[in-house]
Structure formats: structure tokens, C-alpha cells
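Novice: Sequence first, predicted coordinates after that:
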Amino acid sequence: MIIARTLAELNEARNALGPVGFVPTMGALHEGHLALVDAAKAGGLPVAASIFVNPTQFGPKEDLARYPRDEAGDLAKLEGAGCALVWLPGVHVMYPPHGTTMIHVNGPATHWEGASRPGHFAGVATVVAKLFGQMRPESAYFGEKDWQQIQVVRRMVADLHLPVRIVPVPTRREPSGLALSSRNAYLTPEEHRAAPALHAALLHAAREIVAGKEVAATLHHARHEVAQAGLVPDYIALVHAETLEPISGLIRPARLIAAAKLGHVRLLDNIPVG
């Protein structure tokens, strides 16, 4: 497995490998990340991954400084998963001292995480565009747990005519239903037992909506279920799966999306409806 830390090393490796499938990550890898590597391997190309904790997608009161980091463990996991190349840029490489360009996003970035975390998706879009420019992949693989992020990246790729195919990969979950996330490491044992309530509420709401129950009342009940479990819901919404605009009835493609706070951890989840 090739490890590149400079643009010169990356370019040399990319020229040797040819077209690649790409898995961008922020490290602290778990089975969900390795599922992305497996999906990329199934595409038949060498797999490249990146590890970069991107400062521009964190707000001033968010957890950039304490975001989990385990470079040695991550590299061992990627090598074991069959990764051919890992890109490990520093902040000075991704954001040169005199750089001034950021990508402005709208559309699917407007609501939900975009409203709760101002500037977050501008940071995501900017770093992903930079990574695509550096890696020049044929395809890139993203976990469906961050459903809104996938739609923002898809819209950016389409709008900027970037020659990369975006491939969503289904969310990996614990047996309890809790979506795998690097931030789950912050949960206390008691919080870990409570966290699956978010997914359970979404499953219940999806069944009710498909059965014809009124959407607003169903979503209100889902928020109540989550709160009863000790979580603080930010939003639980039925949205158009591509635009992320809220919908009041079962229009396909539809998605239930949710975010809730549990202790110091912000939990995200989503499921298709119908």
C-alpha cells in the first residue's frame, strides 16, 4: 500500500495506478468505512482512500480538536482491506496560506444540517472538490448515513461538471440498529444503550407513513419517542430524497432524515420510505 503525504508523492502514485475508486474519510475508521472500500473494490479499480480531518466543516463550538484520530490503526485497517493508496495531506497542503477560494452551496445544502451547522456544507463541498482535483478518481464512495452530504456532493459534481461518479453505500449498523459513526466512541455505556431509539423511531414513522397516517402527526410522535428515550431531537423530517425539501405526503423518492443530541454527541440517521 502506497502512503502519500505530499502532492508530488500523490501524483507519482496516481500516475502509476491509473484510474481509481476513491474513499474520502476523516479517519477513526470503522466497519462502515471498510464497507466503502469493499464497494470500491467491487468496481474493479485500484482503491485509493484519504484521511483528512477537515477544519472548514467544523463550527467554532464543534469538536475539531477532540475529533478521534488513530493514524496507525487506520492505515493498518486500510491495508488489511486491500487499499492501494492512502492520501494523508496536512492542513497546509489542503488550505495553502494565501488561498481564498471556498465553494458556496445551496439547494440540498439549505435545510437540516445546513441550517443547524452554518458553513458546514461549504466546508464539505470545498474539501471534496479539492480531493477530487488531487485524486482525479473515476468514482467516489460515500456512506448513506450522511445522506444530505451525498446529495450536496452530487449537486456540486453536476453543477461543476466534475468527471467523477458518486456511489452511495448503505449504512452499516450495530445489531441494535445504531448507525456506525466515528463519534459513537464519545458515547457513555448508558448513552450507547439509548442511542438506537433514533433509528427505531424512524422505522416506526416509516411504517405509519406507508400505512397512510398523517405525516405531521407521525413526525411529531417520532420526536416524542426520541425525547422519551433521553435524546434531544433537532429535526425529524420527511423529505424528497434528492432535493432534501420537506414533503407532506409520500412522494417518491422519499427519505426520513433525523438528527438528535445525546450527551456531547450529535447523532444522524435516515432511511428510505416506501
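Specialist: It's in.

Novice: in stretch 79-95, what's buried?
Specialist: 81, 83-89, 93-95 (16 or more other CB atoms under 10 Å). Heads up, the C-betas are built off the backbone N, CA and C, glycines and all.

Novice: Only the C-alpha atoms, please, for the longest helix seen in the chain, written as CSV.
Specialist: The single longest helix within the chain, with elements called by DSSP state H, is helix 120-135. Written as CSV, here are the backbone C-alpha positions of helix 120-135 (Å, rounded to 0.1, in the frame of the first residue of the first chain):
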residue,chain,number,x,y,z
HIS,A,120,-20.7,23.1,7.3
PHE,A,121,-21.6,22.1,3.8
ALA,A,122,-19.4,24.9,2.3
GLY,A,123,-16.5,23.2,4.0
VAL,A,124,-17.6,19.8,2.9
ALA,A,125,-18.0,20.8,-0.7
THR,A,126,-14.7,22.7,-0.8
VAL,A,127,-12.6,19.9,0.6
VAL,A,128,-14.3,17.2,-1.5
ALA,A,129,-13.7,19.3,-4.7
LYS,A,130,-10.1,19.7,-3.7
LEU,A,131,-9.7,15.9,-3.0
PHE,A,132,-11.3,15.2,-6.4
GLY,A,133,-8.9,17.5,-8.1
GLN,A,134,-5.9,15.9,-6.4
MET,A,135,-7.0,12.3,-6.7
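
Novice: how far off helix 120-135 does the helix or strand harbouring residue 10 point, in degrees?
Specialist: Under the assignment given by DSSP states H and E, the secondary-structure element containing residue 10 is helix 7-17. Here helix 7-17 runs at an angle of 60 degrees relative to helix 120-135 (axes from the mean of the first three to the mean of the last three CA atoms, to 10 degrees).

Novice: And the contacts of helix 7-17?
Specialist: Contacts to helix 7-17, defined as CB atoms under 8 Å, 6 or more residues apart in numbering, come from residues 2, 4, 20, 46, 48, 84-85, 87, 89, 93, 134-136.

Novice: Ok, stretch 55-67 next?
Specialist: So stretch 55-67 is in contact with 26, 28, 53, 91, 95, 102, 117-124, 126-127, 182-183, 264, going by CB under 8 Å, 6+ apart.

Novice: can you list the residues that contact whatever helix or strand residue 50 lives in?
Specialist: Assigning secondary structure by DSSP H and E places residue 50 in strand 47-51. The list of residues contacting strand 47-51 from outside it, by CB under 8 Å, 6+ apart, reads 14, 17, 20-27, 37, 40-41, 71, 74, 78, 81-89, 131, 135, 137.
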